[in-house]
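K.L.:
The following block contains a protein sequence and its predicted model.
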Amino acid sequence: MSITHNLLHAEKIMKGYSMSKSIKLLFLCFTLTLIAGQAQAFPNQANTSQSAVEKTPVTKGTVTETMNAAGYTYMFLDNNGQKSWVAIQETPVKVGEEVEIANGMVMKNFTSKTLGRTFEEIIFSQGIVKR
């Protein structure tokens with residue numbers, strides 16, 4: 001709906017209201033129109049760049065390296081030569097363990113200040129689906 005349409009609609013509603021109620025109603029309609037317009041103009045404003053973050057399917061593999069830091073467990077998984085770094089909420093895992101990880105978000109060039117290293121690509125997952 002256009003601003004003009006909303007104002008005309010607000011004007012019809014305002015008949016019979018006192019001036020202060022009419023001004024409040026007009027202000028409310030105008031504010032809602034602005035909010036709706038911004039949501040349409042910037043639909044991905046809250047999302048990180050598509051090139052930096054992607055969804056990934058379920059990942060599985062053998063844990064070849066693991067470490068805990070800042071409430072996360074970082075695992076380096078090997079699935080028949082396809083290797084991936086994965087981060088989940090801190091969970092006990094052992095090197096050599098076979099795990100299947102829930103889908104998550106892929107971050108490229110992620111720097112962990114706690115570990116003091118940058119991961120070229122890492123999957124932030126909800127956790128282990130199957131051991």
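P.N.:
Yep, that arrived. Numbers count the residues shown, from 1 in each chain.
K.L.:
What strand or helix carries residue 114?
P.N.:
Following DSSP states H and E, one finds residue 114 outside all helices and strands.
K.L.:
List the contacts of it.
P.N.:
Neighbour list for residue 114: 69-70 [criterion: Cβ atoms under 8 Å, 6 or more residues apart in numbering]. Placement of C-beta: from N, CA and C, glycine included.
K.L.:
Please apply the same query to residue 122.
P.N.:
Shown in contact with residue 122 (Cβ under 8 Å, 6+ apart): 74, 84-87, 106-107, 110.
K.L.:
what does residue 63 give?
P.N.:
75-77, 93-99.
K.L.:
which of those residues count as buried?
P.N.:
The neighbour count (16 or more other Cβ atoms under 10 Å) marks 75-77, 93, 99 as buried among the contacts of residue 63.
K.L.:
and which of the residues you listed is nearest to residue 118?
P.N.:
Comparing the buried ones among the contacts of residue 63 against residue 118 with Cβ to Cβ places residue 76 closest, at 14.4 Å.
K.L.:
pLDDT at the nearest residue to that closest one once chain neighbours are set aside, what is it?
P.N.:
Leaving aside its sequence neighbours, residue 76 sits nearest to residue 65 (Cβ to Cβ, 6 or more residues apart in numbering; 3.9 Å). For residue 65, the model assigns a pLDDT of 96.
K.L.:
Residue 127: neighbouring residues, count only.
P.N.:
Residues near residue 127, counting by other Cβ atoms under 10 Å, number 13.
K.L.:
Compute the distance between the residue nearest to it when sequence neighbours are not counted and residue 75, please.
P.N.:
Distance criterion Cβ to Cβ, 6+ apart; nearest residue to residue 127, sequence neighbours excluded, is residue 88 at 4.8 Å. Residue 88 sits 7 Å away from residue 75, going by Cβ to Cβ, to the nearest Å.
K.L.:
circling back: show the contacting residues for the residue nearest to residue 76.
P.N.:
By Cβ under 8 Å, 6+ apart, the contact set of residue 65 is 75-76, 95.
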